[in-house]
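J.: no FASTA, just this:
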């Protein structure tokens with residue numbers, strides 16, 4: 001490469017050529033000019049909410065080939081204005097980590113090993129236990145005869161990232177089952 005061309009590539013000389021603060025072309029190398037954002041090849045973008053805490057920061061989930069390719073803060077979110085905490089910024093690994101469990105794991109009472117269950121079998125086990133616990137801990141009335149119609153054997157903990165409709169249905173389910181111990185992490 002001729003010496004004049006090499007000297008012409010010096011950032012200092014490029015600054016003198018219309019970029020005195022070195023905020024544009026003066027600081028771009030051939031390599032950096034070819035760089036593209038990780039999100040450029042996404043097929044579509046889905047708006048979401050960070051699943052970690054009760055703040056509810058907006059996220060943009062970039063999808064390519066049917067898989068999550070990148071997750072970034074949503075600049076249109078009035079809560080986070082495009083910013084994410086370290087946990088939120090790393091939430092892609094929550095979905096894509098090879099260590100993520102995607103099967104139901106169960107360890108029987110007094111068991112020493114985990115076993116995989118079919119989802120239908122696990123759901124039946126949960127339903128059976130809820131029904132049995134409700135039946136065995138049901139309180140119709142207190143000692144003075146006041147109507148209670150409740151169970152103190154089941155509690156419910158909700159997540160802060162659920163929307164109003166989901167929270168409404170969960171609360172309705174809890175009340176229908178007679179569960180009065182209902183809490184949400186957003187209150188903490």
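T.: Cool, got the structure. Just so it is clear, the structure is predicted and the values come from calculations on it, not from any experiment.

J.: need the helix or strand of this protein with the lowest average pLDDT.
T.: When each helix and strand of the chain is scored by mean pLDDT, DSSP states H and E, helix 11-16 comes last, with a mean of 60.

J.: which is the next helix or strand following that one?
T.: helix 30-34 (DSSP states H and E).

J.: Model confidence for residue 25, exactly?
T.: Looking at residue 25, its pLDDT stands at 69.

J.: again but with residue 124, I slipped
T.: 97.

J.: phi, psi of it?
T.: phi -60, psi -40 (degrees, to the nearest 10).

J.: Just give me the neighbour total for it.
T.: For residue 124, the count of nearby residues is 12 (other C-beta atoms under 10 Å). Any C-beta I mention is one placed from the backbone N, CA and C, and that applies to glycine too.

J.: Assign the residue nearest the centre of the chain to helix, strand or coil.
T.: By C-alpha atoms, centre = their mean, the chain has its centre lying nearest to residue 51, at 2.9 Å. Put simply, residue 51 is coil when judged by DSSP: H, G, I helix; E, B strand; the rest coil.

J.: residues contacting residue 104?
T.: 116-119, 121-122 (C-beta atoms under 8 Å, 6 or more residues apart in numbering).

J.: redo that, cut-off 7 Å
T.: 116-117, 119, 122 (C-beta atoms under 7 Å, 6 or more residues apart in numbering).

J.: now residue 90
T.: Applying C-beta under 7 Å, 6+ apart, we find residue 90 in contact with no residue.

J.: Point out where the protein drops to low pLDDT.
T.: 1, 4, 6-27, 160-161, 185-188 (pLDDT under 70).

J.: Please enumerate the strands of it.
T.: In the chain, the segments counted as strands under DSSP state E are 44-49, 58-64, 67-73, 104-106, 115-117, 138-141, 147-158, 179-184.

J.: Sheet partners, orientation included, of the fourth one?
T.: Counting by DSSP bridges, the strands paired with strand 104-106 are strand 115-117 (antiparallel).

J.: Now do the partner strand: distance to the chain's middle.
T.: Chain-centre distance of strand 115-117: 25 Å, with C-alpha atoms, centre = their mean, to the nearest Å.

J.: Equivalent analysis for stretch 91-109, please.
T.: 14 Å.

J.: how long is that stretch from one end to the other?
T.: Stretch 91-109 stretches 33 Å from its first residue to its last (C-alpha to C-alpha, to the nearest Å).

J.: Distance check, residue 72 against residue 36.
T.: 15 Å (C-beta to C-beta, to the nearest Å).

J.: Compare those two and say which is more crowded by neighbours.
T.: Per other C-beta under 10 Å, whichever of residue 72 and residue 36 has more neighbours is residue 72, with 21 against 7.
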